[in-house]
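Trainee: structural data only, the sequence is not supplied:
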Ligand code: NI
């Protein structure tokens with residue numbers, strides 16, 4: 001495994017639509033392993049392949065319950081609403097308020113290309129929506145309510 005460079009806002013790759021993964025290859029397996037390592041190293045809760053410069057429909061998420069790998073994710077259903085702070089490894093030092101669905105059902109393949117549906121609420125639902133937006137070339141800053149705020153390390 002290896003750390004990958006996280007692309008930051010202003011990089012064109014973050015504005016492009018990612019392409020479907022047709023088959024799992026050793027190269028794609030390594031990409032997923034590297035994405036997980038990069039996410040954990042950066043203390044993020046999610047990372048999408050375009051954030052490391054690869055236009056493939058792959059996201060990794062871990063909100064503290066273990067890694068979730070979603071290949072070719074499709075959000076099938078959304079319900080409710082949640083409004084809260086959001087941040088992104090591609091927009092360092094910033095956060096902003098975003099309204100998202102409170103519940104989602106997503107269909108995706110895992111790293112073995114086995115299809116399943118995942119139900120998610122609250123933070124996990126937010127993370128899935130945020131990461132799927134990356135696959136469409138969208139950053140959360142487009143949806144921020146009010147101003148983007150600076151994040152300080154000290155509370
Ligand atoms: Ni992000």
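Mentor: Yep, it's here. Computed from a predicted model, the values in this text were never measured in an experiment. Numbers count the residues shown, from 1 in each chain.
Trainee: which stretches of this protein form helices?
Mentor: For the chain, the helices defined by DSSP state H cover 26-41, 122-135.
Trainee: tell me which of the ones you listed lies nearest to residue 112.
Mentor: Comparing the helices of the chain by their distance to residue 112 (CB to CB), the top pick is helix 26-41, with 9.5 Å. Backbone N, C-alpha and C define where each C-beta goes, glycine included.
Trainee: can you give me the buried ones in the closest one?
Mentor: 28, 31, 32, 34, 35, 36, 37, 38, 39 (16 or more other CB atoms under 10 Å).
Trainee: number of nearby residues for residue 77?
Mentor: Per other CB atoms under 10 Å, the neighbour tally for residue 77 reads 12.
Trainee: and what of residue 45?
Mentor: By other CB under 10 Å, the residues close to residue 45 number 18.
Trainee: show me which strand runs longest in this structure.
Mentor: Determined from DSSP state E, the single longest strand within the chain is strand 68-79.
Trainee: strands paired with it, and their directions?
Mentor: Here strand 68-79 is paired, per DSSP bridges, with strand 58-61 (antiparallel), strand 103-109 (antiparallel).
Trainee: any chance of the helices of the chain in JSON lines, with distance to residue 54 and mean pLDDT too?
Mentor: Shown next, in JSON lines, are these (distance: least, CB to CB, whole Å; pLDDT from 0 to 100):
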{"stretch": "helix 26-41", "distance to residue 54": "6", "mean pLDDT": "98"}
{"stretch": "helix 122-135", "distance to residue 54": "11", "mean pLDDT": "98"}
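Trainee: circling back: please state the offset of the longest strand of the chain from the chain centre?
Mentor: 11 Å (CA atoms, centre = their mean, to the nearest Å).
Trainee: name the nearest residue to the most centrally placed residue in the chain, ignoring sequence neighbours.
Mentor: By CA atoms, centre = their mean, the chain has its centre lying nearest to residue 131, at 2.4 Å. Residue nearest to residue 131 in three dimensions, not counting chain neighbours: residue 59, with 3.8 Å by CB to CB, 6 or more residues apart in numbering.
Trainee: now the longest strand of the chain: buried residues?
Mentor: Quick answer for strand 68-79 (16+ other CB under 10 Å): 68, 69, 70, 71, 72, 73, 75, 78.
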